[in-house]
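Student: Quick one: sequence and predicted model below, then my questions.
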Amino acid sequence: MAVVLIYRPLGLGDFLTGVPAYRALRRAFPDHRIVLAAPRALAPLAELTGAIDEVVDTAPLGPPPRGADVAVNLHGRGPQSTALLRDSGAERLIAYGDSWREDEHEVHRWCRLLRHYGIAAAESDLSLAVPAVAVTDGVTIIHPGAKSPSRRWPPVRYAAVARALSSAGHRVVVTGSAAERDLAVRVALGAGLGVRAAQPTTLGELAGLIARARLLISGDTGVAHLATAYGTPSVVLFGPVSPTRWGPPPDRPCHRAIWYGHRSEPGDRPEPGVHPALLAIDVAEVLTAAGVVDAGGPDVPVGRAISTPPASRVGPCEE
């Protein structure tokens, strides 16, 4: 069977912003086997796209598997990644040349690439199937972790938000990876919720929890894109990078992005510590934004660079 190789050996948020491109390739090559070169940990979510047949474990800028008929570079503009795919022996290569735009939203970037090659792609095609896992319905999720310290809002502020929401009747849980367990416990204890509110989850469990959640509050990290995929109301706090690059779709009223930056910085800040734009966000405005998306009420300006139309109903976002 002919093979389409999608090269995107990156993290959770990167994987999720690529979903419209994966689906476009599935439609364009219905008789091919679609193989994703990415970290193996993402395999449970790859199944939920309905577009990917296999995940081949690949480290960042690791060599792709050989023998594909079509290789698609969704890693970047090259030259390293493009050279790796050329060397893999693929008969056809889909990749960026000179038309790369640094300030482009990540979802739009890859859809535009495919359209350049005559493949129809829709930026709105972001949804995932809900995994068959046993999780609690209707919780409010606080997710304080992020890959870089520059994107981690202070734990004491997350705890204050969690405490206020719990007092208002929300069933609050604090999530995190195994490596973030101590951080999750710190936030849960600071909120007066007890250790049991800090819930370690597998990636599949986290997806199921967010799919059935009442509300998510997090930083600019992969779980925010899960909320987008499932239409779960969310408040996302941005630091080094603008939400115009990595934020939720501006046409979905149940997602709110808060940002006090002036321009996106390339990658994460090399120096330790929380980014100043993130520190500028206070607890009160996060709670205000949470109230807006939770109730589906009228839009209230919060922070900067927020593009969200008035909400007209309660519930998940419309596709």
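Tutor: Here it is on my side, so go on. Numbers count the residues shown, from 1 in each chain.
Student: quick one: residue 296 from residue 149, how far?
Tutor: If you measure residue 296 against residue 149 using C-beta to C-beta, to the nearest Å, the figure is 34 Å. Quick note: C-beta positions are derived from backbone N, CA and C, even for glycine.
Student: now residue 201
Tutor: 22 Å.
Student: More neighbours: these two, which one.
Tutor: residue 201 (20 against 14; other C-beta atoms under 10 Å).
Student: Now do the same contact list for the more buried one.
Tutor: Residues near residue 201 by C-beta atoms under 8 Å, 6 or more residues apart in numbering: 175, 209.
Student: how far away is it from residue 165?
Tutor: Taking C-beta to C-beta, one finds residue 201 at 19 Å from residue 165.
Student: got it, and residue 228?
Tutor: For residue 228, the distance to residue 165 - C-beta to C-beta - is 21 Å.
Student: can you check residue 96 too?
Tutor: Per C-beta to C-beta, residue 96 is found 42 Å from residue 165.
Student: Look at these two and report which has more neighbours.
Tutor: Using other C-beta under 10 Å, the more surrounded residue of residue 96 and residue 165 is residue 165, with 23 against 20.
Student: Give me the helices and strands touching the strand or helix carrying the more buried one, please.
Tutor: Counting by DSSP states H and E, the element that carries residue 165 is helix 155-167. Packing contacts for helix 155-167, counted by 3 or more C-beta pairs under 8 Å, 6 or more residues apart in numbering; DSSP states H and E, involve strand 140-143, strand 172-176, helix 181-190, strand 215-219, helix 283-295.
Student: and with 10 Å instead?
Tutor: Counting contacts by 3 or more C-beta pairs under 10 Å, 6 or more residues apart in numbering; DSSP states H and E, helix 155-167 is packed against strand 140-143, strand 172-176, helix 181-190, strand 215-219, strand 234-237, helix 283-295.
Student: how about these, which one is nearest residue 117?
Tutor: Between residue 117 and the helices and strands packed on helix 155-167, the shortest gap by C-beta to C-beta is with strand 234-237, which sits at 31.4 Å.
Student: Tell me the strands beside that closest one, with direction?
Tutor: Paired with strand 234-237 in the same sheet, following DSSP bridges, are strand 215-219 (parallel), strand 255-258 (parallel).
Student: Arrange the ones you listed in JSON lines, one row each, with distance to residue 90, mean neighbour count and mean pLDDT as further columns.
Tutor: Formatted as JSON lines, the strands paired with strand 234-237 follow (distance: least, C-beta to C-beta, whole Å; neighbours: other C-beta atoms under 10 Å; pLDDT from 0 to 100):
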{"stretch": "strand 215-219", "distance to residue 90": "37", "mean neighbour count": "26", "mean pLDDT": "98"}
{"stretch": "strand 255-258", "distance to residue 90": "37", "mean neighbour count": "26", "mean pLDDT": "96"}
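Student: what's the closest of those to residue 122?
Tutor: Here strand 255-258 is closest among the strands paired with strand 234-237 (C-beta to C-beta), at 18.0 Å.
Student: How far away from the center of its chain is the closest one?
Tutor: In terms of C-alpha atoms, centre = their mean, to the nearest Å, the centre of strand 255-258 is set 13 Å apart from its chain centre.
Student: now stretch 10-25
Tutor: Counting by C-alpha atoms, centre = their mean, stretch 10-25 comes out at 9 Å from the chain centroid.
Student: what residues does the helix-or-strand element of the chain with minimal mean pLDDT touch?
Tutor: Counting by mean pLDDT, DSSP states H and E, the chain has its least confident helix or strand at strand 198-200, which shows a mean of 86. Outside strand 198-200, the residues within contact range by C-beta atoms under 10 Å, 6 or more residues apart in numbering are 135-136, 139, 141-142, 144, 173-189, 191, 205-206, 209.
Student: Could you turn the buried ones of those residues into a ChimeraX selection?
Tutor: Selection of buried members from the contacts of strand 198-200 for ChimeraX, criterion 16 or more other C-beta atoms under 10 Å:
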select :135,139,141,142,144,173,174,175,176,177,180,183,184,185,186,187,188,189,191,205,206,209
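Student: Wait, a helix at residue 25?
Tutor: Yes - assignment of residue 25 by DSSP: H, G, I helix; E, B strand; the rest coil places it within a helix.
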